[in-house]
Every structure is written in C-alpha cells, then in structure tokens.
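Everything below, folded, please.
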Amino acid sequence: MKYIAVLGSEGQLGKTLQYLVNQESCKYKFYSKQDVDITNRQSIESAFAQHSFNFCVNCAAYTDVEAAEKDNKEAFLINVEGAKNVADTCREKNIKLIHISTDYVFDGKKRTPYTISDKTNPINEYGKSKLKGEYCIKEALKEHYIIRASWLYSVYGRNFFKTIVKRIGENNSLKVTTEEIGTPTSCIDLSHFIFHIVNEDNLPFGIYNFSAQGSTTWYGFAKEIVKNLYPDRQTNISPTDNFKTIAKRPKYSVLDNIETQRVYKKFKKWEESLKEVINKLID
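Model prediction:
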C-alpha cells in the first residue's frame, strides 16, 4: 500500500484531489495550511513523522498574481522557501515529490507551444517565485516531478471559471481580454495525471508540462462557459484588447505536452473538460 501526503488541501487542486481520491487504491493524507505550514520546516517534519509516505503532492502555493506585484515577500516565502523546505524534508525521508508549477515561468514571446526545454523568463513576481521554487527543488531532491500546469480552474475556490459563472449568473455584463492565449486546464484532468504518476511509480523524474488540448483566449474561455451554462446570455460577454492589470502576463503560454504524452495518454480537448466541470457544478 502506498501512502501519499497532499499539502495545500484547501486550494482548488487539493480539494479536487480529495473529491476524486475515493476512486484510488492508495492511502492519501490531506494537510491544510493550518495542519502544515510549508514555510516552517519543523511543521512539515512533524506531519511526515506520523506516516511512512511514498509520495508528497505539493499543492501549497501563493497564487495571487496581482498581489505578488505589490509585495512579493509572501510569494517568495511560500513558493521558494516553502518549496525548498518540502524538497529537503522529502530528501531526508526518501519521499518522491510531485510539485505543481506554472506556465507563467515563460515570457510569452513565442507563438508555438512551450516545450519543457524552452528557455524560462518570467515577467511577473509570481512567475519568478515559482521558477525559483523549481530551482530549489532540483538542487535539493533528485526524485521529483515538477508539473507546469496552465490556466487551472475548478468548482472550488477563486478562479476565472468561478468568477464568470457568478457574474453572468447575476446577469452582469463583462468585458474579457483577448490579449492572452493559453489553455484552460481542469483540476480534474490534472488530478488524474497526478494519480497516474503515483500509480505507475516508475516514471522518469523531471519536468512535465500538463494542460488540456487546444488553446483559446480568456474571452474565448468565458464565451464557452456562458454558452454551456447560460446560452441566452452570450451577449453579456464582450471582448477587449485593453484590460489593465498590475502584473504583466505572458501573451502566449500554450504548453507542448508531447513529452508528457509519452507516459500519459488521457488528454482531452479543453472544451470537453469544461463540460465535465460544469456538470459537476450543476450536480
């Protein structure tokens, strides 16, 4: 029997993993921020001393892109020092680490999907903190899987999908940017890939890109959400190419999944995955 620790259980990916875990044969132990503070090495060690874990899934992260521009200290504390603490503890206890990173490690200047070997060059503080966290993990622990995920969404927490559902549900009108191109990726799909890594147990270590198939803009994503949920309100969404934010965001952050597809075959088109999440929302 494999034992897996999941850190950051109250985030959208952590909650999705909890929802799906009953389908798995392994034993998962979920830790919220209150249970384990990854910025405190002793807190991690204390939790890991309770079980002999085979894997740790680190979903704990600072993800507020806008707030990180105003004060990056917390972002770097969690995404860098926290990641290092987790990796160091995993090394000492012989635990394989699955760590969630982001497409925001790239600058968005390409116009073809980013591969795992493409040069990184984050253009905002959030992306810089996540990339530095990757470096710390690589230096500390050989037995790691770093998953760079793209535009994550779910029925849990705060995310773009939930915002559109709420605002259009209230019959508001919204302008949504067409300036960025990426791939909306369901936390359900990412969870199944994480389960695959755990269950296979012998996949090559290193960096993996993970996103759904295809690409769109945030406007295109919003239109698809509304089309599925509120077809009579599609005119509530309008495009804009001038949406001001504090943080710079990559104009293009589509990920190339070809290396991941060598070890995992169950990729869906982003529109198909969206329908699955919407069905869960309606249930």
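
Now do the helix or strand hosting residue 57: distance to the chain's middle.
Following DSSP states H and E, the helix or strand that holds residue 57 is strand 55-58. With Cα atoms, centre = their mean, to the nearest Å as the basis, the distance from the averaged C-alpha position of strand 55-58 to the chain average is 14 Å.

helices or strands next to the following helix or strand past it in the packing?
If you walk from strand 55-58 toward the C-terminus, the next helix or strand you reach (DSSP H and E) is helix 65-70. Other helices and strands packing on helix 65-70, by 3 or more Cβ pairs under 8 Å, 6 or more residues apart in numbering; DSSP states H and E, are helix 73-76, helix 125-140. C-betas here are computed from N, CA, C, even on glycine.

ok, and what's touching helix 65-70?
Under the criterion Cβ atoms under 8 Å, 6 or more residues apart in numbering, residues 62, 74, 75, 104, 124, 125, 126, 129, 245, 246, 247, 249 lie in contact with helix 65-70.

Over to stretch 3-11 now: how far is its first residue from its last?
One end of stretch 3-11 to the other measures 20 Å (Cα to Cα, to the nearest Å).

Keeping just the C-alphas, turn the strand holding residue 57 into PDB.
Extracted in PDB, the C-alpha atoms of strand 55-58 (Å, rounded to 0.1, in the frame of the first residue of the first chain):
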ATOM      1  CA  PHE A  55       4.900  10.400  -2.300                       C
ATOM      2  CA  CYS A  56       4.200  14.100  -1.400                       C
ATOM      3  CA  VAL A  57       2.000  16.100  -3.600                       C
ATOM      4  CA  ASN A  58       2.700  19.800  -3.000                       C
END
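
Name the residues that touch it?
Contact with strand 55-58 is made by 2-8, 17, 38, 48, 83, 86, 90, 95-100, 194, 197-198, as judged by Cβ under 8 Å, 6+ apart.

mean confidence for it?
Taken as a whole, strand 55-58 has an average pLDDT of 98.

Run a quick neighbour tally on residue 12.
One way to gauge burial is a neighbour count; for residue 12, by other Cβ atoms under 10 Å, it gives 21.

same deal with residue 204?
Applying other Cβ under 10 Å, we find 9 other residues in the vicinity of residue 204.

Doesn't it belong to a helix?
No: according to DSSP: H, G, I helix; E, B strand; the rest coil, residue 204 belongs to no helix; its state is coil.

what's the distance between the residue nearest to it when sequence neighbours are not counted and residue 130?
Distances taken as Cβ to Cβ, 6 or more residues apart in numbering put residue 263 closest to residue 204, at 7.5 Å, once the chain neighbours are dropped. Distance from residue 263 to residue 130, counting by Cβ to Cβ, to the nearest Å: 23 Å.
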